[in-house]
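Peer 1: What follows is a predicted protein model with its sequence.
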Amino acid sequence: MAKKSSESDKDRSNALNVTGRFQSIPAHPAGEFRRCTLAAGAVLWRGELTDPESVEVAVIHRPRYDDWSLAKGKVDPGESLPQTAAREILEETGYEVRLGKLLGRVAYPVADRTKAVYYFTGKVMHGEFTANDEVDEIRWLPLSEARELLSYDVDRQVLDKAAKRLAVPVDTRLLLVRHAHAFARRTWSGNDDVRPLDKKGRRQATALTELLTPYRPDRIYSAKPDRCVATAEPLAAHLGLDIESDVLLGDEGWTTAMKDSKKRFGEIISGGGTPVVISQGLTIPDVIAWLSAEGRLPLHEPEAKKASVWVLTFTTDGELTGADYLVSPLPVK
């Protein structure tokens, strides 16, 4: 198919990173390129992963370019990349989605700039497509047929990565969050458990709502310290969910009762769905290292910056099968 597109150089990708089951989004992803336009999108899918023949993915036709591609769009000011992906999909297709695995990033030249696009998997929850100026047709196809229809090799590589992830039925996607920035311990004279978030931390907690909502969390847990609960509160209020606070989910429980703490994390994981756990800086790397050792996904020296998020994917038997690290909830630059 002829490509009448400003993205005609899309297949000249000089920065393709869609390999491996671990992916990350840095705090300033545009900083990797001299002149960068950030974008995000998803491989939209529907069906049941336990029935591979039922799984279909969406390929969109853009009349402006007369091409077949994956849904994506540019970041608006003040957005995180997951937020962009969900918004653009809704605007282009009319579908509301639940974001899943981060597939990676592709980058390619567009005029005198570099366009960097982060792709996720996105399960269609509801909505209806109406033809519009950006997208005039959507075709739902089996993976093999979608691959043939796509106009660009780089999109085929993204789809191939999605096919690998969709081949593994997922039961739980745990959003493991370190609490937001708090007043410094060295200047706090009271009980450390009541040390509150500072101005930066309150901004991070608000931003976490926008970052995590596209994953459609269904439960929220928190370690006991006030700074952990305060980090969870904006998200809980936005989603209308209660916060279940548990000492076993933080540093005190992990260091004094590790066996019980592991059991509690295991219970949350085995509960399925998309739980959020707000925890602390000692616990999170240790929990990830433990889950990594129990499964077949090696994660070496995982870090956990304040207000960062680990998106951990588990199979139906509780094995860690994928991990994404979102360094910051603040708007990307």
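Peer 2: Yes, it's here.
Peer 1: In this protein, what residue spans correspond to strands?
Peer 2: With DSSP state E as the criterion, the chain has strands at 22-25, 36-46, 56-62, 67-69, 71-74, 95-110, 113-127, 137-141, 170-178, 219-222, 243-245, 275-279, 309-315, 320-326.
Peer 1: Packed most tightly, which of those would that be?
Peer 2: Stretch with highest mean neighbour count among those: strand 275-279 (a mean of 27; mean count of other Cβ atoms under 10 Å). All C-beta atoms are positioned from the backbone trio N, CA, C, and that covers glycine.
Peer 1: Run the angle between that one and strand 309-315 for me.
Peer 2: Taking axes from the mean of the first three to the mean of the last three Cα atoms, to 10 degrees, one finds strand 275-279 and strand 309-315 inclined to each other by 140 degrees.
Peer 1: Work out the sheet partners of strand 275-279 and label each with its direction, please.
Peer 2: Strand 275-279 has the following strand partners under DSSP bridges: strand 170-178 (parallel), strand 219-222 (parallel).
Peer 1: Quick one, grab the pLDDT at Ala111.
Peer 2: Per-residue pLDDT puts Ala111 at 86.
Peer 1: List phi and psi for it.
Peer 2: With angles defined as degrees, to the nearest 10, Ala111 sits at phi 60, psi -120.
Peer 1: Domain-wise, how is the protein divided?
Peer 2: The chain breaks down by automatic domain parsing into domains covering 10-166, 170-326.
Peer 1: how long is the last one end to end?
Peer 2: One end of domain 170-326 to the other measures 20 Å (Cα to Cα, to the nearest Å).
Peer 1: just stretch 124-131 next, same as before
Peer 2: Stretch 124-131 end-to-end distance (Cα to Cα) = 17 Å.
Peer 1: Which residues does that stretch contact?
Peer 2: For stretch 124-131, contacts defined as Cβ atoms under 8 Å, 6 or more residues apart in numbering pick out 44-46, 58, 90, 93-98, 135, 137-138, 216.
Peer 1: now the strands of the chain in JSON lines, with distance to Leu291?
Peer 2: Listed next are those as JSON lines, based on distance: least, Cβ to Cβ, whole Å:
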{"stretch": "strand 22-25", "distance to Leu291": "13"}
{"stretch": "strand 36-46", "distance to Leu291": "25"}
{"stretch": "strand 56-62", "distance to Leu291": "29"}
{"stretch": "strand 67-69", "distance to Leu291": "35"}
{"stretch": "strand 71-74", "distance to Leu291": "31"}
{"stretch": "strand 95-110", "distance to Leu291": "16"}
{"stretch": "strand 113-127", "distance to Leu291": "21"}
{"stretch": "strand 137-141", "distance to Leu291": "35"}
{"stretch": "strand 170-178", "distance to Leu291": "9"}
{"stretch": "strand 219-222", "distance to Leu291": "16"}
{"stretch": "strand 243-245", "distance to Leu291": "20"}
{"stretch": "strand 275-279", "distance to Leu291": "12"}
{"stretch": "strand 309-315", "distance to Leu291": "7"}
{"stretch": "strand 320-326", "distance to Leu291": "5"}
